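Enquirer: Need coordinates for the following:
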Amino acid sequence: MSLPNPEALYARLRDQIEKAFPDRSELGLIGVHSGGAWIAERLHEDLAFTLPCGFLDSAFYRDDFSERGLKEAPKPAEVPFEVQGRTILLVDDVLYTGRTTRAIVNHLFDFGRPAKIELAVLLDRGGRELPIDAQYVGKHLPLKSNEAFVLTLDEQGAFRLELEVKPN
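Expert: Numbering: from 1, shown residues only. Predicted structure coming up:
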């Protein structure tokens, strides 16, 4: 499979968000660790968001925590703005089953009740198990259940995309 250029996907996603939110002065931007956090940081800089960027980790809020356990130490939550009554843009790298997004939404409500939550993802790979959809998508690219996209950063901070194939 030929993988798409993640920088081109980012540019497409950035343009969608810029068009949808011409006034970003009150928009809360939250990146999902780790790939979504990298994308959110770049969006924050490129689109000159007024509020500081926030970050959340889904580790303790997942409904499959007892099965998966912790893969690595959870990152601390950083939400440096008032969530109550605010529109929030959640950013993640890959949307798959919807379980990470559900966990992040649960975590977000610990900080208040947002007026609205929208989701932006670099890649939507299909395979939803929950009724969750992204409003802003770099690309829809279905994968098999044993495949996964892995977003990384190179030495210059550019996005790199790899395909991980797990044995059946």
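Enquirer: shouldn't residue 57 be in contact with residue 92?
Expert: No. Under the criterion of CB atoms under 8 Å, residue 57 makes no contact with residue 92, lying 11.6 Å away. All C-beta spots, glycine's among them, are computed from the backbone N, C-alpha and C.
Enquirer: Quickly list what's touching both of those two.
Expert: residue 32 (CB atoms under 8 Å, 6 or more residues apart in numbering).
Enquirer: Of the two, which one has the most company?
Expert: Neighbour totals were compared for residue 57 and residue 92, and residue 92 leads with 27 against 21 (other CB atoms under 10 Å).
Enquirer: Do a quick rundown of the strands in the chain.
Expert: Listed in chain order, the strands of the chain (DSSP state E) span 28-32, 54-56, 87-95, 116-124, 136-140, 147-153, 159-165.
Enquirer: Could you export these to JSON lines, including columns for distance to residue 8 and mean pLDDT?
Expert: Formatted as JSON lines, the strands of the chain follow (distance: least, CB to CB, whole Å; pLDDT from 0 to 100):
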{"stretch": "strand 28-32", "distance to residue 8": "20", "mean pLDDT": "99"}
{"stretch": "strand 54-56", "distance to residue 8": "25", "mean pLDDT": "98"}
{"stretch": "strand 87-95", "distance to residue 8": "15", "mean pLDDT": "99"}
{"stretch": "strand 116-124", "distance to residue 8": "10", "mean pLDDT": "99"}
{"stretch": "strand 136-140", "distance to residue 8": "8", "mean pLDDT": "99"}
{"stretch": "strand 147-153", "distance to residue 8": "14", "mean pLDDT": "97"}
{"stretch": "strand 159-165", "distance to residue 8": "10", "mean pLDDT": "97"}
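Enquirer: winner for burial among those strands?
Expert: strand 28-32 (a mean of 26; mean count of other CB atoms under 10 Å).
Enquirer: What helices and strands are in contact with that one?
Expert: Applying 3 or more CB pairs under 8 Å, 6 or more residues apart in numbering; DSSP states H and E, we find strand 28-32 packed against helix 35-46, strand 54-56, strand 87-95, helix 99-108.
Enquirer: related to what we said a few turns ago, what about the strands of the chain, which gets the closest to residue 38?
Expert: strand 147-153 (6.0 Å; CB to CB).
Enquirer: ok, now which ones touch the closest residue to residue 148 other than its chain neighbours?
Expert: Nearest residue to residue 148 in three dimensions, chain neighbours excluded: residue 164, at 4.6 Å (CB to CB, 6 or more residues apart in numbering). Shown in contact with residue 164 (CB under 8 Å, 6+ apart): 147, 148, 149, 150.
Enquirer: No further questions, thank you.
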